[in-house]
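**Student:** Give me a model of this one.
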Amino acid sequence: MPSRPPIHALQAESLFCWCCLLLVFTASALAQQTPFRPSPASESAPRVPGFGPLQGQRTIPGFGPEGATQVALLPEDLAKADDRMQRYDSNRDGYLDRNEIGGGRWSDDPFQFDGDRDGRLSRLELARRYSLRRLAESGGGMPPPSTVSVPAGTSPSADEQQRRDRERRAMEEAARARGALRGTRESWHLTETLMSRHDINRDGVLDANERRSLGLPAAADLDRDQRVSRPELSAWLAQQESLQGRAIPRELPAWFVEKDKDGDGQIQMSEFADQWTDELYDEFSALDLNNDGIIVADECLQSLHRLQEEYTNQRFQLIPVKGVIRSDIEVKEDRRIADLDVQLQITHTHDDHLNVFLIGADGQRVELFTGVGGNDDHFDNTILDEESPHSILRARPPFAGRYQTEELSRGGKGLKKFYNGSMAGTWTLLVEANSDRPGVLHGWSLIFRRVEEAPGATSEQEFD
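**Tutor:** Residues are numbered from 1 along each chain as shown. Model (predicted):
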């Protein structure tokens, strides 16, 4: 039968167990009371970052502890930015670099608003500058530049805007390298106006839908990326202005401009007439000197000068108070009239007191104008031309240029009643004055364009 351990041995073993448990609880308590002190390295670079801005990185506009200080861009801020762009952007690339900024007087360093740190200020970055100034002047304080954002719904997020800016700059620089972007001061001004009206999402470019909404042709998208940037639009507008200036000399008749539907400075047969007759074909052939089926400006001018004849009466005549004068031009050449214009020069200080008529060689009378111009003065080499798109009824003295007669503007035939008639005979200019002031008729002219007979044609009289 085994022997039992002594009573004092059991007590000693129990006491040892209790001591161990006491040590465990004591160590646990001490561990809870002693705070953990991270090393300096762990303080400067925690393994799990918090929610604040990371060291060395800019706060995204609209987020972080300074988000409450953001301001919105107003039209007046954008207008000021556009004005500075127009004034200082000497290379017309749509940005201000440090050299361009150096040409102006600035109350602060504008490049603190260079949000993407590319060394250039964009239109939106400049606008943020003026929005902050506006807020400061209104007593709202001056928030940090990085906290300014564009109003919600009018622009993309900051990251998206920066991405688009980078893409746009790369696109514009590539276009400049190809020599494709050549804007003018006038085209840039018009560009900014169009962008302010039609860049709906305010991303700095016109997408395909925005381009179509303003009627801009696809040709304005110079790099064919389905977006039209400011430099692209400015260059295209300058190109169109240049082409228009070359294609339409001032001395060309109004019908040339009207028929040139695509504005390329020449008239194809499809533009000249929708339905053809022998008379229209003869007229087109007379203008198409090289017979290539296209009338260019030089051909039109040469043909008109060859077929045009001008008859003038330059005799000085006093226009009496409440009186009438007549001035005659004798034409001896018996040719058929294709077109007739009347040019006159009058000095009078009350134009609407004058009524002027042309009486043809056959006695037909045309009202050139009656009571036009209000109380303003004079007629400065005014040309009455029925092919002009402008009516003398809606023009202002001294009426320099070409205008439809009043008779044609009111639904009559005007000078067209003489077309296809004979040039020969005595033509009379009749001037009636209902004024208490005298005036002067310095001279007037009949400008005929005769019908050119086809080679070998025989007049009707020779058949009789």
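
**Student:** hang on, Arg87 in a helix?
**Tutor:** Yes. Assignment of Arg87 by DSSP: H, G, I helix; E, B strand; the rest coil places it within a helix.

**Student:** Give me the pLDDT for it.
**Tutor:** Here the pLDDT value assigned to Arg87 is 80.

**Student:** Number the residues from 803 up from this point.
**Tutor:** Sure, I'll start counting at 803 from here, so that last one is Arg889.

**Student:** Check the gap between it and Gly1006 for me.
**Tutor:** As defined by Cβ to Cβ, to the nearest Å, Arg889 lies at a distance of 19 Å from Gly1006. Where C-beta positions appear, they are placed from N, C-alpha and C, glycine not excepted.

**Student:** Which residue of the two possesses the greater neighbour count?
**Tutor:** The neighbour comparison of Arg889 against Gly1006 (other Cβ atoms under 10 Å) goes to Gly1006, with 19 against 12.

**Student:** can I assume that one is in contact with Arg925?
**Tutor:** Yes. Counting by Cβ atoms under 8 Å, Gly1006 does reach Arg925; the two are 7.1 Å apart.

**Student:** And the helices in the stretch 853-1002 of the chain?
**Tutor:** With helices called from DSSP state H, counting those that start in this stretch, the stretch 853-1002 of the chain shows them at 877-890, 900-903, 925-939, 960-979, 987-1000.

**Student:** Going by mean pLDDT, which of those helices comes out lowest?
**Tutor:** Confidence, taken as mean pLDDT, is least for helix 960-979 of the helices of the stretch 853-1002 of the chain (a mean of 58).

**Student:** Give the bridge partners for Ser1129, please.
**Tutor:** Leu1231 (DSSP bridges).

**Student:** how about it, what does it touch?
**Tutor:** Shown in contact with Ser1129 (Cβ atoms under 8 Å, 6 or more residues apart in numbering): 1115, 1117, 1119, 1230-1231, 1233, 1243, 1246.

**Student:** Which of those has the largest number of neighbours?
**Tutor:** Trp1246 (25 neighbours).

**Student:** what residues are up against that one?
**Tutor:** Contact partners of Trp1246, counting by Cβ under 8 Å, 6+ apart, are 1114-1115, 1129, 1131, 1144-1147, 1231.

**Student:** still on that earlier bit, go through the contacts of Ser1129 and flag which are in helices.
**Tutor:** In helices, judged by DSSP state H, none of the contacts of Ser1129 are found.

**Student:** Export the residues you listed to a markdown table and append columns for pLDDT and distance to Leu1156.
**Tutor:** Supplementary listing: the contacts of Ser1129 in a markdown table, determined by pLDDT from 0 to 100; distance: Cβ to Cβ, whole Å:
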| residue | pLDDT | distance to Leu1156 |
| --- | --- | --- |
| Asn1115 | 94 | 18 |
| Arg1117 | 90 | 18 |
| Gln1119 | 90 | 13 |
| Thr1230 | 96 | 16 |
| Leu1231 | 96 | 12 |
| Val1233 | 95 | 6 |
| Leu1243 | 93 | 10 |
| Trp1246 | 96 | 13 |
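
**Student:** Could you list the domains of this structure?
**Tutor:** Under the assignment automatic domain parsing, the domains of the chain span 871-1038, 1056-1106, 1116-1252.

**Student:** comparing those, which gets the lowest mean pLDDT score?
**Tutor:** domain 871-1038 (a mean of 73).

**Student:** Is there a neighbour count for Lys1063? I'd like the number.
**Tutor:** 11.

**Student:** Could you check how far it is from Tyr1083?
**Tutor:** With Cβ to Cβ as the criterion, Lys1063 and Tyr1083 are 20 Å apart.

**Student:** could you pull out the helices for the stretch 1053-1202 of the chain?
**Tutor:** With DSSP H, counting those that start in this stretch as the criterion, the stretch 1053-1202 of the chain has helices spanning 1056-1061, 1071-1074, 1080-1089, 1099-1109.

**Student:** which stretch among the ones you listed comes nearest Asp1023?
**Tutor:** Taking Cβ to Cβ as the criterion, helix 1071-1074 is the member of those that comes nearest to Asp1023, at 25.7 Å.

**Student:** Pretty sure Glu1188 sits against Tyr1205.
**Tutor:** No. Using Cβ under 8 Å as the test, Glu1188 is too far from Tyr1205 to be in contact (9.5 Å).
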